[in-house]
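> build me a model:
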Amino acid sequence: MSRRVALASVLSVIACGEGAEEWWSIFAQSWSKLPFPQEWSAAVTFHEPGNTGFVDSSMAWSAKDNVIKFRFLRHVPKAWIAPSFEQTYDELLEYRLGSEAAEKEAVHAFAEGQKCHPDGNWDMVVLAGMKVGDETERATLFDGRCDTVLVSRPAGMGNATFCLDSNGAPQELDMWIDPSFSGKTNSREYTISATFHNVTIGDLPADTFAQPRACLEGPPPAACPHDAAEPTEQLTVVHFTGEAGMSCGLNNLMTNGLRGAFAFDGWTGYEYLQVYNVTVHRGFAPIQDCNYHPSEGSMVCTGGDRTPANAKSVGRSSCGYMEGAFAGQCSENPLVGSWYSFPSVGECAEGWDVGYNNCTWKTESFTVISSHCAIEHCNATYQEELRAGRGATDARVVACFEDAIAACPDHRGPMGPTCYSKADVHV
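Numbers count the residues shown, from 1 in each chain. Just a heads-up that it's a prediction; the model follows:
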């Protein structure tokens, strides 16, 4: 059941220090001074070292009428979902120079599939401070074959270098994202070595810099609408894990639904699957990003447009934000399945029903199975569905996975000191 690894960015919001100039302002000011043609676009291909998983990619630039525009569009094929399925990674900047309202009017967005990150992406920050390199850099970088080189080296974030020809058209781009800045997954995803092809210089079509659809939806709903007569439902959710902490609870974890577990490309990297049968309130909030924070010694969930009114709510999105309005928050996500986040503060205490004291979720049962057992149980069905062009998230694969959960040995043990998902104290 091996698949190409193309992990998506989960945390893509960049925060600037208090009082610092925003990265998009730095980007526009710096790039406006570069020796690019006034407008250009190009196809982009990727090679080692760096992520080679992007296809059908392009970059475009415009500096007309005092407005700076930049787009970097990439696609990642995910044939195990459907033969022609691709996830988009779409970065866009639009900034009017010399305007008092520039900060309010600026567009600086990153659409990861169907989820809009309004503050951009890690690599956009690294690209922001680009400037013309000196003669030593020109002679050294790219083996000295460039007429001009551009460099950006923000301290502690990474570096980027552009190779331009005599007309200022882009030829190559190397970019390294420092994992201490972005985390290891994002560093692997956005570190690239790229070559530009079919460069077009001159006026570009009007829709070249159109905003991604996901970034035009407006704020997500605080809670999904649901039938008040049936406010809860039962889910089976899966969390991929290693041996350490494999018997821990759902508190402040992100998980996959059964279909989402097959859309998620993580099977070969994790030894165990934690499987929870959980009752949840249907008023799903936007999903949160939950990670281990060493300073806290526990898992911490952030984001998700939370307020006191929905702080306890279970979060939902489509797997990888790959389908649905508002990244699949209020939809069933029939193609790629769903992700869920479980804020510890929303857990129902023992003896409470979901809804009591505004609690939003409770674990009904829990087991731990090995990923090897699940793969062995379902690999034949999985391969049949791939050959038939139906993909790994087809109903037959999901049904086989349910059988595997029941059939595979339970490896659950005591919670132990490696549990970073800690329950809140309910009073």
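> in the chain, which residue sits furthest out from the middle?
Glu135 (38.3 Å; Cα atoms, centre = their mean).
> state the distance from that one to Asp165.
Per Cβ to Cβ, to the nearest Å, Glu135 is found 17 Å from Asp165. For every residue, glycine as well, the C-beta is placed using N, CA and C.
> sorry, back to before: show me what contacts the residue farthest from the centre of the chain?
Contact analysis of Glu135 by Cβ atoms under 8 Å, 6 or more residues apart in numbering lists nothing.
> next one: Leu93
Applying Cβ under 8 Å, 6+ apart, we find Leu93 in contact with Trp24, Phe27, Ala28, Ile68, Lys69, Phe70, Arg71, Ala106, Val107, His108, Gly120, Met124.
> out of those residues, who's nearest Gly304?
Here the nearest of the contacts of Leu93 to Gly304, counting by Cβ to Cβ, is Gly120; it sits at 18.3 Å.
> what about the closest one, neighbour count?
By other Cβ atoms under 10 Å, 24 other residues sit near Gly120.
> correct me, but it touches Ile26?
No - under the criterion of Cβ atoms under 8 Å, Gly120 makes no contact with Ile26, lying 11.6 Å away.
> who wins on neighbours among the contacts of Leu93?
When neighbours are counted by other Cβ under 10 Å, Trp24 leads the contacts of Leu93 with 26 neighbours.
> that one looks like it's in a helix, true?
Yes - looking at Trp24 with DSSP: H, G, I helix; E, B strand; the rest coil, it is inside a helix.
> check what pLDDT it gets.
If you check Trp24, the pLDDT there is 95.
> how about Leu11?
33.
> and of the contacts of Leu93, the nearest to Thr418?
Closest to Thr418, out of all of the contacts of Leu93 and judged by Cβ to Cβ, is Gly120, at 34.8 Å.
> ok, the closest one to Val126 distance?
In terms of Cβ to Cβ, Gly120 sits 11 Å off from Val126.
> cool, and Ser152?
Taken as Cβ to Cβ, the span from Ser152 to Val126 is 6 Å.
> same check, this time on Arg138
With Cβ to Cβ as the criterion, Arg138 and Val126 are 20 Å apart.
> swap in Glu105?
24 Å.
> now swap in Val132 and tell me
17 Å.
> so if I had to pick from those two, which one is more boxed in?
Val126 (26 against 15).
> hmm, who's touching the strand or helix carrying the more buried one?
Val126 belongs to helix 122-127 when assigned by DSSP states H and E. The contact list for helix 122-127 (Cβ under 8 Å, 6+ apart) reads 9, 12, 14, 23-24, 27, 72, 91, 93, 108, 110, 152, 154, 157-160, 175, 177, 181-182, 186, 190, 192.
> what's the following helix or strand after the helix or strand hosting Gln87?
Per DSSP H and E, Gln87 falls inside strand 86-96. The first helix or strand that comes after strand 86-96 along the chain, using DSSP H and E, is helix 102-105.
> how distant is that next one from the center of its chain?
26 Å (Cα atoms, centre = their mean, to the nearest Å).
> to the chain's geometric centre, what's the distance from the helix or strand that that helix is followed by?
Downstream of helix 102-105, the first helix or strand assigned by DSSP H and E is strand 107-112. Put simply, strand 107-112 sits 12 Å off its chain's centre (Cα atoms, centre = their mean).
> tally of neighbours for Asn66?
Counted with other Cβ under 10 Å, Asn66 comes out at 12.
> from Gly328, how far off is it?
Taking Cβ to Cβ as the measure, Asn66 falls 38 Å from Gly328.
> now Asp227
Counting by Cβ to Cβ - Asp227 and Gly328 are separated by 19 Å.
> of these two, who's got more company?
Set Asp227 next to Gly328 and count neighbours by other Cβ under 10 Å: Gly328 wins out with 28 against 7.
> report pLDDT for Ile369.
96.
> do Gly269 as well
Per the predicted model, pLDDT is 82 at Gly269.
> hang on, it packs against Thr241?
No - Gly269 is not in contact with Thr241 according to Cβ under 8 Å; the separation is 10.5 Å.
> so for the two, which sits in the more crowded spot?
Using other Cβ under 10 Å as the criterion, Gly269 and Thr241 rank with Thr241 on top: 19 against 11.
> OK, contacts around the closest residue to Trp361 other than its chain neighbours?
Computed as Cβ to Cβ, 6 or more residues apart in numbering, the closest residue to Trp361 that is not its neighbour in sequence is Val280, at 4.7 Å. Val280 makes contact with Thr232, Glu233, Gln234, Leu235, Val314, Tyr340, Val354, Thr360, Trp361 under the criterion Cβ under 8 Å, 6+ apart.
> so the last one sits against Thr279, correct?
By that I understand Trp361. Yes - using Cβ under 8 Å, Trp361 is in contact with Thr279, at 6.8 Å.
> so Ser249 makes contact with Arg412?
Residue 249: Gly, not Ser. No - using Cβ under 8 Å, Gly249 is not in contact with Arg412; the gap is 11.1 Å.
> who touches both of those two?
The contact sets of Gly249 and Arg412 overlap at Phe366 (Cβ under 8 Å, 6+ apart).
> so these two - more neighbours on which side?
Gly249 (19 against 15).
> and Leu73, how far from Ala214?
13 Å.
> of those two, who's got more company?
Neighbour tally, Leu73 and Ala214, criterion other Cβ under 10 Å: the higher count belongs to Ala214, 22 against 19.
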